[in-house]
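Novice: attaching a predicted model along with its sequence, questions to come.
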Amino acid sequence: MSSTESTEEFGGTGRRKRAVARVKIQLGQGVITVNRRPLDEYFPRPSLQQIARQALEVTKTTSRFDVNVKATGGGIAGQAGAVRHGIARALLEMDESLRVDLRKEGLLTRDPREKESKKYGRKRARKRFQFSKR
């Protein structure tokens, strides 16, 4: 970015499950890219696209900002939730007055559900190996 351009950039980090999304928003035409790919290519399912766009739709800023996301870890659904969380945080950094709408929709709350870690002597976190009497 050259010094003559004065596009201000706002960032936010979103997390869900094991996924982390680093989000940067700036004024633009409403283009969303995730890991250098268009949103509809990265998230092929319409439900995941809707989840990722939810924060922009709630604040009615869908076509106002260009969103650039770097998503890592977790699965595709977790990443979509992380993108939503990151966009909500970036919008909040840009304009504090959006907090009420974002909070009402629950977009600022990090989903705390995580996979429980595996325990030793077990197959998974809680499942035991099959018991054999003889």
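Specialist: Okay, I see it. Numbering: from 1, shown residues only.
Novice: quick check: residue 98 vs residue 113, distance?
Specialist: Counting by Cβ to Cβ, to the nearest Å, the gap from residue 98 to residue 113 is 25 Å. C-betas here are computed from N, CA, C, even on glycine.
Novice: Provide the count of other residues in contact range of residue 28.
Specialist: Residue 28 has 14 neighbours, counted by other Cβ atoms under 10 Å.
Novice: now it, nearest residue through space, not along the chain?
Specialist: Spatial nearest neighbour of residue 28, chain neighbours left out: residue 66 (3.0 Å); criterion: Cβ to Cβ, 6 or more residues apart in numbering.
Novice: residues contacting that neighbour?
Specialist: With contact taken as Cβ atoms under 8 Å, 6 or more residues apart in numbering, residue 66 is in contact with 25-32.
Novice: beyond the helix or strand hosting it, next helix or strand please.
Specialist: According to DSSP states H and E, residue 66 maps onto strand 65-72. Counting by DSSP H and E, the next helix or strand C-terminal to strand 65-72 is helix 76-94.
Novice: any stretches of the chain with poor pLDDT?
Specialist: 1-6 (pLDDT under 70).
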